[in-house]
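# The amino acid sequence is not available; the structure is as follows:
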DNA sequence: GAGGTTTTTTTCGTTTTTGTTCGTTTTTCT
DNA sequence: AGAAAAACGAACAAAAACGAAAAAAACCTC
């Protein structure tokens, strides 16, 4: 029996049960574990299944496409990045957090900081920080973008212009090999650029997946960023450029260690 | 079996029951307590659950679902008021919703309206309307007031000045026998007054409990309101005054009927 | 049926996950 | 308040799962 048949059946079983196990499938088809592993890897690569330890699950796109999916996507690495980022954020300062699941993770880690003034154009960040008592939260105005809870547009930009931040924590959609920060949404570009302009220091939080993507609009260059937090070593031209630009790079392995 | 499978099921159980226990889950999955603890820690780290001694709960503020559920208590009268208010709101207009549980109830009833431009300084209203696709939501900037999710201060006022609304739906902390709208928070006064000034028509939503309270700051007079929605007949001097002012009064009994 | 290709199995070192133990913290009982 | 019980997290060991690569089997085509 060729893998094509198995693939079809595996998907069917997965759709019925919501999940499949390597062991179970091996038994079901009377083949080796390794064979099933290869099948699942193939299916995962095609995006038809989501590989997990011990088996595979239906890709979450079935239920909640987009934001939720991105949020869960390597959440652990993001949490680690966020932790090491939060560790370098002192108390008693003003800071900005923009749109993005990574900055939301940072917000979660900031709940125990004291006396911060946090300005954000991200509804989720505001919701997260509403829990704590220890910091003042200011929300910029703007048009609500349902996809990610972002507040965008003229109103957002104008509000930001009224502040001067000690620190800006930003995310981006992509990061290319020239060290340019890119974004999908033209509207968000203006907001991000205004933030950079209004803040004394800048932290960029971007997980490794951002390095494999591209996006149409350019926000800024890494040279304008003080510290980059990421979860895997940078590909080749970038480490040298960052050194040149004096941009610190903090790589956080999944477990939470920090290295230069 | 991998943690990925358990995580999904744990969240499902948590959403159904509102909480999960370490012991219960360990038994359910046939694994050690320690394993479940690790799972719960992971989920808490991702912000998907809130860890508590002995188990975990749905995160309190983040989740729209949890919030929705918590608001059900004593909301019957409010929902009735909100329904009859929403019935008098046409489609295709711009409107403002300010702070208050009553206006939140109205927001909930507006989810099936079409082509509205809703501006609000209430995070909860924004969260509620984020669910629907049918209307544009604009959030004013402002300082986040944790007690009620309100956005207040100079930023809020300034944003509102940039709009002109077809209709404003407002709440208030108290309503006295002179027909004056009162509020506890001085900051909110400025916002409310600005709203009245910028809108062509005004609906006030105030349940009967507001009539028994007092508050220090005066927002405006009922004479400036076009329609008052409430859930019990007004005490004595007010019906006459309202008639004089040409302020409509819509009294909704708990069951949902509408009377003049 | 020989030769080449594809697929599967086998093997093995590595990584991930789970279980166990133990000292500490939190909760509950008195 | 103080003691007992329950829950917790860290650390380490055991078990399970993993991926890569070589060997074997199955399947072509000529």
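Here it is on my side, so go on. These figures come from a predicted structure and were not determined experimentally. Residues are numbered from 1 along each chain as shown, chains lettered A, B, ... in the order given.
# CA only for contacts and neighbour counts going forward, please
Noted.
# Quick check: the gap between whichever residue of the stretch 51-200 of chain A sits closest to chain B and residue A:165.
Of all residues in the stretch 51-200 of chain A, residue A:141 sits closest to chain B, at 3.7 Å by CA to the nearest CA. Separation of residue A:141 from residue A:165 (CA to CA, to the nearest Å): 17 Å.
# try residue A:42
Distance from residue A:42 to residue A:165, by CA to CA: 47 Å.
# okay, the two: which has more neighbours?
Higher neighbour count among residue A:42 and residue A:165: residue A:165, with 21 against 16, using other CA atoms under 10 Å in any protein chain shown.
# Beta-bridge partners for that one, please?
residue A:199 (DSSP bridges).
# give me every residue that touches it.
If you count contacts by CA atoms under 8 Å, 6 or more residues apart in numbering or on different chains, residue A:165 has them with A:94, A:95, A:96, A:198, A:199, A:200.
# out of those residues, who's nearest residue A:173?
Nearest to residue A:173 among those is residue A:96, at 17.6 Å by CA to CA.
# since we're on the closest one, how many residues are nearby?
With other CA under 10 Å as criterion, residue A:96 counts 27.
# Residue A:53 now?
By other CA under 10 Å, 12 other residues sit near residue A:53.
# First-to-last residue distance for stretch A:221-240?
Per CA to CA, stretch A:221-240 runs 14 Å from first to last residue.
# Any buried residues in that stretch, and which?
The neighbour-count check on stretch A:221-240 (16 or more other CA atoms under 10 Å in any protein chain shown) flags A:222-234, A:238-239 as buried.
# Tell me how far the residue of the stretch 51-200 of chain A closest to chain B lies from residue A:164.
To residue A:164, residue A:141 is 17 Å away according to CA to CA.
# before we move on, back to that, surely the residue of the stretch 51-200 of chain A closest to chain B is in contact with residue A:150?
No. Look at residue A:141 against residue A:150 with CA atoms under 8 Å: they stay out of range, at 10.1 Å.
# and for the two, which residues touch both?
Joint contacts of residue A:141 and residue A:150 (CA under 8 Å, 6+ apart) are residue A:121.
# which of the two has more neighbours?
For residue A:141 versus residue A:150, neighbours defined as other CA under 10 Å are more numerous around residue A:141 (32 against 22).
# so what's the more buried one scoring on pLDDT?
Residue A:141 carries a pLDDT value of 93.
# Could you do residue A:147 as well?
79.
# Quick check: it is in a helix.
No. Remark: residue A:147 does not belong to a helix; assigned using DSSP: H, G, I helix; E, B strand; the rest coil, it is coil.
# Count the residues that sit near it.
Neighbours of residue A:147 (other CA under 10 Å): 11.
# quick one: it and residue B:85, what's the gap?
Distance, residue A:147 to residue B:85, by CA to CA: 29 Å.
# following the strand or helix carrying residue A:127, which helix or strand shows up next?
Using DSSP states H and E, residue A:127 falls within helix A:123-129. Scanning forward in sequence from helix A:123-129 by DSSP H and E, the next helix or strand is strand A:135-139.
# Report the angle between that following strand and strand B:135-139.
140 degrees (axes from the mean of the first three to the mean of the last three CA atoms, to 10 degrees).
# next one: strand A:135-139 to chain centre, how far?
Offset of strand A:135-139 from its chain centre (CA atoms, centre = their mean, to the nearest Å): 22 Å.
# pLDDT below threshold where in the stretch 1-150 of chain A?
Along the stretch 1-150 of chain A, segments meeting pLDDT under 70 span A:1-2, A:60-74.
# Please list the residues of it that sit near chain B.
A:19, A:21, A:52-55, A:57, A:72, A:75-76, A:79, A:105, A:108, A:123-124, A:126-128, A:130-131, A:136-144, A:146 (CA under 8 Å from any CA of the partner chain).
# Using PyMOL, make a named selection holding only the buried ones among the residues you listed.
To isolate the buried members of the residues of the stretch 1-150 of chain A next to chain B in PyMOL, using 16+ other CA under 10 Å:
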select buried, chain A and resi 19+21+52+54+55+57+75+76+79+105+108+123+124+126+127+128+130+131+136+137+138+139+140+141+142+143+144+146
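# My read is that residue A:98 contacts residue A:170, right?
Yes. With contact defined as CA under 8 Å, residue A:98 counts as touching residue A:170 (5.4 Å).
# Closest to the mean position in chain A, which residue would that be?
For chain A, the residue nearest the mean C-alpha position is residue A:102 (3.9 Å; CA atoms, centre = their mean).
# so who does that one touch?
By CA under 8 Å, 6+ apart, residue A:102 lies in contact with A:78, A:82, A:171, A:205, A:206, A:207.
# Make sure residue A:204 is indeed in a strand.
Yes. If the criterion is three-state DSSP, then residue A:204 is within a strand.
# near DNA strand D, which residues of chain A show up?
By CA under 7 Å from any atom of the strand, the residues of chain A that approach DNA strand D are A:1, A:22, A:23, A:33, A:34, A:37, A:38, A:41, A:52, A:53, A:54, A:55.
# so what's the second one closest to, chain neighbours aside?
With CA to CA, 6 or more residues apart in numbering or on different chains as the criterion, residue A:22 has its nearest non-adjacent residue at 4.8 Å, and that residue is residue A:55.
# for the one you found, what are its contacts?
Residue A:55 makes contact with A:19, A:20, A:21, A:22, A:23, A:40, B:1, B:2, according to CA under 8 Å, 6+ apart.
# Could you pick out which of the buried residues of stretch A:221-240 are located in strands?
Within the buried residues of stretch A:221-240, residues falling in strands by DSSP state E are A:227, A:228, A:229, A:230.
# Do I have it right that the first one meets residue A:251?
No. In this structure residue A:227 lies outside contact range of residue A:251 using CA under 8 Å: 10.5 Å.
# How many residues are close by residue A:118?
24.
# go on, residue A:199?
19.
# quick one: secondary structure of whichever residue of the stretch 101-250 of chain A sits closest to DNA strand D?
Residue nearest to DNA strand D within the stretch 101-250 of chain A: residue A:109 (15.3 Å; CA to the nearest atom of the strand). Following three-state DSSP, we place residue A:109 in the helix state.
# ok, it - contacts?
Contact analysis of residue A:109 by CA under 8 Å, 6+ apart lists A:82, A:83, A:86.
# out of those residues, who has the most neighbours?
Neighbour counts for the contacts of residue A:109 (other CA under 10 Å) peak at residue A:82, which has 27 neighbours.
# which helices and strands sit right next to the host helix or strand of it?
Using DSSP H and E, residue A:82 maps to helix A:75-87. The contact analysis (3 or more CA pairs under 8 Å, 6 or more residues apart in numbering or on different chains; DSSP states H and E) places helix A:75-87 against helix A:101-109, strand A:199-205, strand A:227-230, strand A:248-252, helix B:33-45.
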